[in-house]
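> Fold the following.
(2 chains)
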Amino acid sequence: MLIVVDPQSGVPVYRQLMDQIRFHIASGLLGPGDELPSTRSLSSELGVNPMTISKAYSFLERDGVVERRPGRPLVVAELAPGEVREEKTEQLREALAPTVTVVRQLGVPRDEALAVFGELLANEEDTREER
Amino acid sequence: MKKLLEFDGVHRAYERGLDVLHGVTFSLDAGEVVGLLGVNGAGKTTLIRIAMGMLAADRGGVRVFGMDPRERAVEVKRRIGYVSEDQILPPFLRVGEVIDIHRNLFPTWDEEMARDLAATFSLSPGARISRLSKGQARRVALVCAAAHRPELLLLDEPAGGLDPAARREFLETSIRLLNEAGTTILFSSHYMQDVERVAERVVMLHDGAVLIDRSLDDLRENHCVALVPESDGVTRERLLGIEGCLGVRERTDALHAVFALGPQRSAAAIASELRVSNANCRQVALEEMFIELVGGQS
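Residues are numbered from 1 along each chain as shown, chains lettered A, B, ... in the order given. Predicted coordinates:
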């Protein structure tokens, strides 16, 4: 599984796990019914306390992102089409929030900031087409 | 919850009037993993040795599995695994002989685990201890400490002086014990990244007492460091006067304050108490938090 833990980030490890699993679901890398690794195996793979993994998993379960069935591995829950879009927007919002702080700290006007974002998106689309 | 290890007002001095520990109180529940932090000389080693029964407390109580570790020394030690940075194994013995001694000492010895760990660590039973590198010797100590599936693991700077690969092996072995046996672990370390990975809770010793005793998640989510630019009316004392402020360091052009509040609430408290709106409050990793709390003023 594509999960990395950065112990220096200041973000609690269980949060890092939750964020990455949610991101993989929103991006489609993990689909409904896909199994998540067991607490034990993820804990030894990442070198992280098993309690931390359980904590992340139970919060994801509480949020309805994953489902627990007795005696079986945890699986990604089924999401309604609208929910997938909502989740994508939410992920994007979280990712962009720190940028808003930077824009404010630099004192860049709103329309200029939006123009820069538009330009970056256009550039990325161009390089994609070239490939 | 069952208390596995309890320190209750532990005092210990090496010379009259020179307290290393004065009034240390905290406890570990079964299955907890606690990182013991503190600058050199803060008393971490002394405290762990008191738990092992190697040293007596001058005042205060220590209970391990509910027992006095000096009165019931053998009973207690049989259920503990202990590794320390300065542990000395008999240099004239061979690896296999050291493991044999431990096998005979511990009724709960798990031969399969011992063999498995020895293989993982590529230990050769015929090698003399005196010929081993520091990393290899520490691995032998870990096999001896882990293979009897202790209920409590006391690790004093277990990774000190080891290379990153050996440190990771140490972590993984501790996690394996946690997973397989639900072992309770108290470990001291200067490697904050290791602590962030494995510990659920940290206890920070400073000036012989417990400065911080928090879950790691709480420390990250509900604590922050505020960088407050120098300006009129901003002083160390006034910052310390704000509720939730744990410490202030004076740095060039700014004061660094640690708050037991999240970043937004800290910024709001600074704004309302000091009329300063440009304080930069952020969540930080354990290493930075540690330095801000116990680092020097210069």
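
> Could I get the full set of strands for chain A?
Applying DSSP state E to chain A gives strands spanning A:66-67, A:75-76.

> Mean neighbour count added to those strands, as a markdown table?
C-betas here are computed from N, CA, C, even on glycine. Shown next, in a markdown table, are those (neighbours: other Cβ atoms under 10 Å in any protein chain shown):
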| stretch | mean neighbour count |
| --- | --- |
| strand A:66-67 | 20 |
| strand A:75-76 | 18 |
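
> Relative to residue B:290, which of those strands is closest?
Across those, residue B:290 has its closest neighbour in strand A:66-67 (34.3 Å, Cβ to Cβ).

> Could I get the contacting residues of residue B:213?
B:26, B:201-204 (Cβ atoms under 8 Å, 6 or more residues apart in numbering or on different chains).

> of all the residues you listed, which comes closest to chain A?
The nearest member of these to chain A, counting by Cβ to the nearest Cβ, is residue B:201 at 10.3 Å.

> Does chain A have contacts with stretch B:278-290?
Yes. Using Cβ under 8 Å from any Cβ of the partner chain, stretch B:278-290 comes into contact with chain A via B:282-288.

> So which of the strands of chain A is nearest chain B?
Chain B sits nearest to strand A:66-67 of all these, at 19.8 Å, using Cβ to the nearest Cβ.

> Pairing partners for the closest one, with directions?
Applying DSSP bridges, strand A:66-67 is found paired with strand A:75-76 (antiparallel).

> pLDDT wise, what is the residue of the stretch 101-250 of chain B found nearest chain A at?
Closest contact between the stretch 101-250 of chain B and chain A, by Cβ to the nearest Cβ, is at residue B:196 (3.7 Å). Listed pLDDT for residue B:196 reads 91.

> repeat for residue B:298
Per-residue pLDDT puts residue B:298 at 46.

> Now tell me what touches the helix or strand the residue of the stretch 101-250 of chain B closest to chain A falls within from outside.
Assigned by DSSP states H and E, residue B:196 belongs to helix B:192-198. Residues from elsewhere that reach helix B:192-198 (Cβ under 8 Å, 6+ apart): A:5, A:7-8, A:13, A:46-49, B:33, B:35, B:37, B:159, B:167, B:171, B:174-175, B:185, B:187, B:189, B:202, B:216, B:285-287, B:290.

> Identify the residues contacting the very next helix or strand once past it?
Counting by DSSP H and E, the next helix or strand C-terminal to helix B:192-198 is strand B:201-206. In this structure, residues lying in contact with strand B:201-206 by Cβ under 8 Å, 6+ apart are B:21, B:24, B:26, B:32-39, B:42-44, B:47, B:195, B:210-216, B:219, B:286, B:290, B:293-294.

> Pull up the pairing partners for strand B:201-206, direction included.
Sheet partners assigned to strand B:201-206 using DSSP bridges are listed as strand B:33-37 (parallel), strand B:209-215 (antiparallel).

> how about low-confidence regions in chain A?
Residues of chain A meeting the criterion pLDDT under 70: A:1, A:131.

> so what's residue B:163 up against?
Residue B:163 neighbours (Cβ under 8 Å, 6+ apart): residue B:135.

> Could you break chain A into its assigned domains?
Structural domains annotated on chain A: A:13-76, A:81-130, as defined by automatic domain parsing.

> State whether residue B:152 and residue B:64 are indeed in contact, as I suppose.
Yes. Look at residue B:152 against residue B:64 with Cβ atoms under 8 Å: they come within range, at 6.9 Å.

> and the domains of chain A, which is most packed in?
Compared across the domains of chain A, domain A:13-76 shows the largest average neighbour count, a mean of 17 (mean count of other Cβ atoms under 10 Å in any protein chain shown).

> Please compute how far that one lies from its chain's middle.
Taking Cα atoms, centre = their mean, to the nearest Å, one finds domain A:13-76 lying 11 Å from the centre of the chain it belongs to.

> now swap in stretch B:159-167 and tell me
Distance of stretch B:159-167 from the chain centroid (Cα atoms, centre = their mean) equals 16 Å.

> Spatially nearest residue to whichever residue of chain A sits closest to chain B, not counting backbone neighbours?
Across chain A, the shortest distance to chain B (Cβ to the nearest Cβ) belongs to residue A:7, at 3.7 Å. For residue A:7, ignoring the flanking residues on the chain, the nearest one in space by Cβ to Cβ, 6 or more residues apart in numbering or on different chains is residue B:196 at 3.7 Å.

> give me the number of residues near the one you found?
Using other Cβ atoms under 10 Å in any protein chain shown, residue B:196 has 27 other residues around it.

> Equivalent analysis for residue B:73, please.
14.

> For residue B:213, see how far away the most centrally placed residue in chain B is.
Taking Cα atoms, centre = their mean, the centroid of chain B lies closest to residue B:36, which sits 2.1 Å from it. Here the criterion is Cβ to Cβ, to the nearest Å. By it, residue B:36 lies 10 Å from residue B:213.

> list the buried ones in whichever helix or strand residue B:62 is part of?
Per DSSP H and E, residue B:62 falls inside strand B:59-64. Across strand B:59-64, burial judged by 16 or more other Cβ atoms under 10 Å in any protein chain shown covers B:60, B:62-64.

> immediately after it, which helix or strand?
As assigned by DSSP H and E, the chain's next helix or strand after strand B:59-64 is helix B:73-78.

> quick one: strands adjacent to the helix or strand just after that next one?
Scanning forward in sequence from helix B:73-78 by DSSP H and E, the next helix or strand is strand B:80-84. Next to strand B:80-84 in the sheet, as set by DSSP bridges, lie strand B:152-156 (parallel).

> right, and residue B:30 touches residue B:181 too?
No. Residue B:30 is beyond contact range of residue B:181, at 11.2 Å (criterion: Cβ under 8 Å).

> Need the overlap of contacts for those two.
In contact with both residue B:30 and residue B:181: residue B:151, using Cβ under 8 Å, 6+ apart.

> The nearest residue to residue B:177 once chain neighbours are set aside - how many residues pack around it?
Leaving aside its sequence neighbours, residue B:177 sits nearest to residue B:183 (Cβ to Cβ, 6+ apart; 4.3 Å). Residues near residue B:183, counting by other Cβ under 10 Å, number 23.
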